[in-house]
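# this one's sequence-less:
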């Protein structure tokens, strides 16, 4: 039976082994967390669009994502309404207000959707309830997202506070979520939107929503609209606008860069920890390694031992790292409502990344053994 030298070397100093496992687990938690946030960016991009009852979107070409929408003439949706296959068109107004927390008296930016109460802009059934419909048609009254951050203060129906130094009343609630783009959101009528965002004429909209007739081809009609409409609007299908927002958050925003850099830094942290552990282990067993070389064992055999140690550390550290990361994912979903999920692809990817990280550290630490002369060691 082959002597498990790698395992015996690691078990010789159990305290050092536990430190190494903790270091690898810590690095894996950092990697999982950053990948989770990075992976949630494309998912959050589709949160709102999946709840909007539209197949094609008209937006400003300068808009990077939904919260940065630029206004364009409302006539564009009326032009689109005459295209064969279009069932209805709806304007959507977007912007940000300073919402005052009535308890802390602090103001915080909240995202606002302005809609015509007669338009079924959102698929949310609760918006069609008589109470919410009545609230939308009331002056200085809004609906608030239940998923808005606690920093916005009370969200109780009937509660009154201020928005842009104007009194505002919460007339109802809905459940949507804003992901990375918004900590909280409101829905108000287009008439209230005009009052709170004055001067903001209703003949300039931030997004045009086009609902197609059943069986109509969205890609084909979008192509027709691109030829028909002037260049002050971009025509996007639902899939295209979700991809646009996703690309912005992952590739263009500092958020995507930070999380991507976090993955690289986490790997570096883990690699350094494993390198220090393996290098110290090799230094403490130099006589034993030298004896093996003097007995005729090749460097390949010694390298296999060190790599085996690295893989053992990778697996032992990965298991608690994965378990703790699952808990952190669940905590994140409950706390800030981000769609973070652990899929099989990510589990395998981080495992392979951990093994590669530890193997690289093992290869780097082997230089001391390879260059050692048995005669000099003794």
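Now that the structure is in, tell me what you want to look at. Owing to the predicted nature of the structure, the values given are computational and were not obtained by experimental measurement.
# where does the stretch 251-378 of the chain have low pLDDT?
For the stretch 251-378 of the chain, the stretches flagged by pLDDT under 70 are 285, 288-290, 293, 296-297, 299, 368-378.
# kindly report the same for the stretch 51-200 of the chain.
Short version for the stretch 51-200 of the chain, where the test is pLDDT under 70: 179-180.
# quick one: the helices in it, in order.
For the stretch 51-200 of the chain, the helices defined by DSSP state H, counting those that start in this stretch cover 75-81, 130-136, 190-196.
# thinking residue 353 is in contact with residue 31, fair?
Yes: if you go by CB atoms under 8 Å, residue 353 and residue 31 touch, sitting 6.7 Å apart. Every C-beta, even on glycine, is put in place using the N, C-alpha and C of the backbone.
# got the contact list for residue 27?
Residue 27 sits next to 266-267, 269-271, 273, 317, 321, 354, 357 when contact means CB atoms under 8 Å, 6 or more residues apart in numbering.
# strands - which of the residues you listed land there?
The members of the contacts of residue 27 all map outside strands under DSSP state E.
# buried sites along the helix of greatest length in the chain?
Longest helix of the chain, by residue count under DSSP state H: helix 299-336. Neighbour-count burial for helix 299-336 flags 302, 305-314, 316-318, 320-322, 324-325, 329, 332 (criterion: 16 or more other CB atoms under 10 Å).
# in this structure, which spans are strands?
All strands of the chain, identified by DSSP E, fall at 56-59, 72-73, 86-100, 107-115, 141-145, 160-163, 166-174, 185-189, 204-205, 207-212, 234-237.
# helices and strands around the longest helix of the chain, which ones?
Counting contacts by 3 or more CB pairs under 8 Å, 6 or more residues apart in numbering; DSSP states H and E, helix 299-336 packs against helix 5-12, helix 14-49, helix 254-284, helix 286-294, helix 344-365, helix 367-370.
# dump those into a markdown table; add distance to residue 129 as well.
Output for the helices and strands packed on helix 299-336, formatted as a markdown table (distance: least, CB to CB, whole Å):
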| stretch | distance to residue 129 |
| --- | --- |
| helix 5-12 | 63 |
| helix 14-49 | 20 |
| helix 254-284 | 35 |
| helix 286-294 | 75 |
| helix 344-365 | 39 |
| helix 367-370 | 71 |
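# please identify the deepest-packed of these.
Of all these, helix 14-49 carries the top mean neighbour count, a mean of 20, counting by mean count of other CB atoms under 10 Å.
# quick one, that helix and helix 299-336 angle?
Here helix 14-49 runs at an angle of 50 degrees relative to helix 299-336 (axes from the mean of the first three to the mean of the last three CA atoms, to 10 degrees).
# count the neighbours of the closest residue to residue 167 other than its chain neighbours for me.
Distance criterion CB to CB, 6 or more residues apart in numbering; nearest residue to residue 167, sequence neighbours excluded, is residue 140 at 5.8 Å. Residue 140 has 15 neighbours, counted by other CB atoms under 10 Å.
# kindly report the same for the one 10 residues further on.
Number of residues near residue 150 (other CB under 10 Å) recorded here: 11.
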